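1. Just to be clear, the model below is a prediction. Sequence and coordinates:
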Amino acid sequence: MRYRLTFASVLVSAISLVGAATATQNSGVFNFPDYPPPGTPPPNQTLADSVARLPPSEAGRDPALRRAKIHIDTGKYGPEIELVHAYYNFWPTGVGVSSNGRIFTCYPRGNETFTLGEVNSPTTEAPFPNQDANTPPAFANASNPGFSVATDKLLFVQSVVVDGKDRVWALDTGRPRVNGTVINAAAPGGPKLVGFDLNGKRFTTITFPASVVAADSSLNDVRFDLRGEGFAYITDSSPNRAGIVVVNLSNGESWRHLDGHPSVSAQSGFIPFHNGVPTYLHPPTEPNAVEFFTRFAVDGIALSADGEFLYYTPLAGRHLFRVPTSVLKVRPSATNPNAIILANQAVQDLGETGSHADGLETDDQGFIYLGAPEHNAINRFNPKTGMIEPFIRDPAIQWPDTLSVVSLKSRRNFLYFTANQLWLGPDYQNGTDLRTKPYAIFRVPIEGGKATQTT
């Protein structure tokens, strides 16, 4: 009897061992090792991520599904933006801010009574330096139909910049609109770069020969390097004449570089997305046909803090480029016959930015800020890493147009920018204005200060 009990015990133990081994073997099928081992994830990947319960209309009727918290995009990241001005009158493009906090702005000229202004209350602006400077004798050239006029008055200020010496510069395209639709061709003496002291006194007016700024040029934005002789760099965003205009501020001479180079040209077949919707051009003029978003060449521009590189990007495209300013400062001539070739060969493609960009700006830490209308955001390029970094994102950033860094006398640094809903304007929406007033100026605190480019 003792032997039978012992045998039974052994048999039960053996069966137990086999069962345990089988269970272990079966569970081991799903025991995968971590490969590769988890490491530190890339930074910033979850800045706009959160979890939330869905609205009842989306979650269905099951109580368990209604309690489920689903991964969502919050639409926001970065420092909180601050609304500093609301436009209830004219539609703005540019903004520039002085060290004492004065805010200057500009408007594409159509029926607007002034094209260069200064904010004088949270919701109003006044002409700068005065109404007379903003009132030309005429907009259309009576003796040359289709052309504008030559005048020292301001015709159509596309960009306003406060430089490192706290002076106000107005970039006048010289091409005002007629009846809000047809843009007059430029006449020599109409396009100009005008400098004002903060007291409104004009200290310089620089005009351009027709060989530099043609009748169909579209001067867009400008940046200043005040070291040495001093230079200004201007984007010509005309799709027929895309390029960079260089101005010697000491003698007023100007020339062109990168004409027709792929880096300044509109990307063929370009389609941006705004608020998640693809944007095509549907102009209200003949042939009244839908087009790709390809009318806009090089637009945004920024000068590196040390003045060594000019950064730029076409509005119809998502690549950031830069070129050494040393090659741009060389005026093409019989003395410098290779200047154009050397400038073209020096262009560097810094890669995709993730969104097309309108405005660019620099701070004294070397960051290049890029508006990102496709993401309701402003990002920045870090030259030390060669990477695009997230900066701010907010649903209220509806087309960040012009960016302006200022170091206030209070020792606070800000990035100011306009948000003007450009893609909803009648030029793009078959003559219907889908924009909603007020347009806005926001600001956001930054660590770096203004890159003055003066010493």
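-> Perfect, thanks for sending it. This one's a predicted model, so the numbers in the text were calculated from it and none came from an experiment.
2. all helices for this structure, in order.
-> With DSSP state H as the criterion, the chain has helices at 2-28, 56-59, 63-67, 325-328, 339-345.
3. Need the contact partners of the last one.
-> Among residues not part of helix 339-345, those counted as contacts by CB atoms under 8 Å, 6 or more residues apart in numbering are His257, Leu258, Asp259, His261, Val323, Val327, Leu328, Val330, Arg331, Pro332, Ser333. Where you see a C-beta, it was placed from the backbone N, CA and C, and this is true even at glycine.
4. next one: the second one
-> Where contact means CB under 8 Å, 6+ apart, the residues beyond helix 56-59 that reach it are Arg53, Leu65, Arg66, Ala68.
5. what do you get for the third one?
-> Defining contact as CB under 8 Å, 6+ apart, one finds that helix 63-67 is touched by Arg53, Leu54, Pro56, Ala59, Gly60.
6. Equivalent analysis for the fourth one, please.
-> Contacts with helix 325-328, where a contact means CB under 8 Å, 6+ apart, come from 225, 231, 233, 244, 246, 257, 303, 307-310, 339, 342-343, 346.
7. cutoff 6 Å now
-> Helix 325-328 has contacts (CB atoms under 6 Å, 6 or more residues apart in numbering) with Val246, His257, Leu310, Leu342, Ala343, Ala346.
8. which among those residues end up buried?
-> Val246, His257, Leu310, Ala343, Ala346 (16 or more other CB atoms under 10 Å).
9. wait, the last one sits on Lys329?
-> What that stands for is Ala346. No: with contact defined as CB atoms under 6 Å, Ala346 does not count as touching Lys329 (11.9 Å).
10. on that earlier part again, tabulate the buried ones among the contacts of helix 325-328 in CSV, adding columns for pLDDT.
-> Shown next, in CSV, are those (pLDDT from 0 to 100):
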residue, pLDDT
Val246, 98
His257, 98
Leu310, 98
Ala343, 98
Ala346, 98
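11. and which of these is nearest to Gly359?
-> Leu310 (14.8 Å; CB to CB).
12. now that closest one: how far from His257?
-> Noted for Leu310: a distance of 10 Å to His257, by CB to CB, to the nearest Å.
13. Equivalent analysis for Ala185, please.
-> Between Ala185 and His257 the computed distance is 23 Å (CB to CB).
14. related to what we said a few turns ago, JSON lines for the contacts of helix 339-345, including distance to Leu83?
-> Formatted as JSON lines, these follow (distance: CB to CB, whole Å):
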{"residue": "His257", "distance to Leu83": "39"}
{"residue": "Leu258", "distance to Leu83": "37"}
{"residue": "Asp259", "distance to Leu83": "40"}
{"residue": "His261", "distance to Leu83": "39"}
{"residue": "Val323", "distance to Leu83": "36"}
{"residue": "Val327", "distance to Leu83": "41"}
{"residue": "Leu328", "distance to Leu83": "37"}
{"residue": "Val330", "distance to Leu83": "44"}
{"residue": "Arg331", "distance to Leu83": "44"}
{"residue": "Pro332", "distance to Leu83": "46"}
{"residue": "Ser333", "distance to Leu83": "49"}
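15. Which of the residues you listed fall in strands?
-> Using DSSP state E, the members of the contacts of helix 339-345 that fall in strands are His257, Val323.
16. From the contacts of helix 339-345, keep the buried residues only.
-> Neighbour-count burial (16+ other CB under 10 Å) is assigned, among the contacts of helix 339-345, to His257, Leu258, Asp259, His261, Val323, Val327, Leu328, Val330, Pro332.
17. can you list the weak-confidence ranges in the stretch 251-400 of the chain?
-> The stretch 251-400 of the chain contains no residues with pLDDT under 70.
18. Quick one: the strands in it, in order.
-> Assigned strands in the stretch 251-400 of the chain, in chain order: 254-257, 273-274, 277-278, 298-303, 309-314, 319-324, 348-352, 360-362, 368-372, 377-382, 387-393, 400-407 (criterion: DSSP state E, counting those that start in this stretch).
19. how distant is the second one from the center of its chain?
-> Computed by CA atoms, centre = their mean, to the nearest Å, the chain-centroid distance of strand 273-274 equals 14 Å.
20. again with the longest one
-> When C-alpha coordinates are averaged (CA atoms, centre = their mean), strand 400-407 and its chain have centres 10 Å apart.
21. by contact count, what packs against that strand?
-> Where contact means 3 or more CB pairs under 6 Å, 6 or more residues apart in numbering; DSSP states H and E, strand 400-407 is packed against strand 95-97, strand 413-419.
22. Starting from the first one, tell me which strands it pairs with and how they run.
-> In this case it means strand 95-97. Paired with strand 95-97 in the same sheet, following DSSP bridges, are strand 103-106 (antiparallel).
23. For the strand it pairs with, buried residues please.
-> By neighbour count on 16+ other CB under 10 Å, the buried set for strand 103-106 is Ile103, Phe104, Thr105, Cys106.
24. For the first one, give its distance to Asp152.
-> Spelled out, that is Ile103. Distance from Ile103 to Asp152, by CB to CB: 25 Å.
25. The second one now?
-> Here the criterion is CB to CB. By it, Phe104 lies 19 Å from Asp152.
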